[in-house]
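Novice: Sequence first, then the predicted structure:
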Amino acid sequence: ETGVTQTPRHLVMGMTNKKSLKCEQHLGHNAMYWYKQSAKKPLELMFVYNFKEQTENNSVPSRFSPECPNSSHLFLHLHTLQPEDSALYLCASSQGTSPYEQYFGPGTRLTVT
Amino acid sequence: GQQVMQIPQYQHVQEGEDFTTYCNSSTTLSNIQWYKQRPGGHPVFLIQLVKSGEVKKQKRLTFQFGEAKKNSSLHITATQTTDVGTYFCAGRVLTGANNLFFGTGTRLTVIP
């Protein structure tokens, strides 16, 4: 499936680095999401954008900063991360926010050293 | 806060055996979705249930939504090795945020 793409697929960064994750959807959807998937934890919703407007921010630390320049692109800017931020970061999109199914990208495996 | 629990957390079955995972929400849901994540992959949408007591089938998979819309189940008949993966339910609450609350997932292993 190439409907939702994410880059990079793997990222190793130090705690003082700044990096960005990119997501692009080719499905004509209006809503985009960032999720964090850690081992032995449920999928955690981080941010929701609907028509480029941020509609949800689930108490995510400010070291994670989302950006949605248009309905097809979503970024997650990372700075001064902690080792516990190491996880799989998944981007998803849907036609709208409810009640539509979500299409996930392959994820970025992030390791913070 | 909103929680969606799934049991069991892990299940090992012999190929050909049946498998069931259960999903329970602390609050009433407007709808529930099921996703499958293969090892090393990403969640893929399977189905959505909306009505109280709804039952839907996809080949060997049967999905149910409880009468009170607080629980759901996924049953696989005669498992195959291709069924391996983690199955997640994801519920949306009746009012308020449009978030999908994902369950903890059930990891299925099928022994050939």
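Specialist: Received, thanks.
Novice: Just the CA trace of the lowest-mean-pLDDT helix or strand in chain A, in CSV.
Specialist: Across the helices and strands of chain A, mean pLDDT, DSSP states H and E gives its lowest value to strand A:53-57, namely a mean of 77. What follows is strand A:53-57 as a C-alpha-only set of coordinates in CSV (Å, rounded to 0.1, in the frame of the first residue of the first chain):
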residue,chain,number,x,y,z
GLU,A,53,-6.6,22.8,11.6
GLN,A,54,-5.4,21.1,14.7
THR,A,55,-8.4,19.7,16.5
GLU,A,56,-6.8,17.5,19.2
ASN,A,57,-3.6,17.7,21.2
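Novice: got the contact list for the residue nearest to the spatial centre of chain A?
Specialist: Closest residue to the average C-alpha location of chain A: A:Trp34 at 3.0 Å, with C-alpha atoms, centre = their mean. Residues near A:Trp34 by C-beta atoms under 8 Å, 6 or more residues apart in numbering or on different chains: A:Cys23, A:Leu45, A:Met46, A:Phe47, A:Phe64, A:Pro66, A:Leu74, A:Leu76, A:Tyr89, A:Leu90, A:Cys91. (Glycine included, C-beta is placed from N, CA and C.)
Novice: now the helices: where do they sit in chain A?
Specialist: With DSSP state H, there are no helices along chain A.
Novice: Quick check: residues of it near chain B?
Specialist: Chain A comes close to chain B at residues A:1, A:41-45, A:48, A:55-56, A:58, A:90, A:92, A:97-99, A:101-107, as judged by C-beta under 8 Å from any C-beta of the partner chain.
Novice: Show me which of the residues you listed are buried.
Specialist: A:42-45, A:48, A:56, A:90, A:92, A:97, A:99, A:101-107 (16 or more other C-beta atoms under 10 Å in any protein chain shown).
Novice: quick one on the thing from earlier: between the contacts of A:Trp34, which has the most around it?
Specialist: Neighbour tally across the contacts of A:Trp34 (other C-beta atoms under 10 Å in any protein chain shown): the maximum, 29 neighbours, falls on A:Cys91.
Novice: Contact partners for that one?
Specialist: A:Cys91 makes contact with A:4, A:6, A:21, A:23, A:25, A:32-35, A:74, A:104-105, A:107, according to C-beta under 8 Å, 6+ apart.
Novice: In strands only, show me those.
Specialist: A:Val4, A:Gln6, A:Leu21, A:Cys23, A:Gln25, A:Met32, A:Tyr33, A:Trp34, A:Tyr35, A:Leu74, A:Phe104 (DSSP state E).
Novice: which residues sit in contact with the closest residue to the first one other than its chain neighbours?
Specialist: Distances taken as C-beta to C-beta, 6 or more residues apart in numbering or on different chains put A:Gly105 closest to A:Val4, at 3.8 Å, once the chain neighbours are dropped. For A:Gly105, the contacting residues are A:Val4, A:Thr5, A:Gln6, A:Cys23, A:Gln25, A:Leu90, A:Cys91, A:Ala92, B:His42, taking C-beta under 8 Å, 6+ apart as the criterion.
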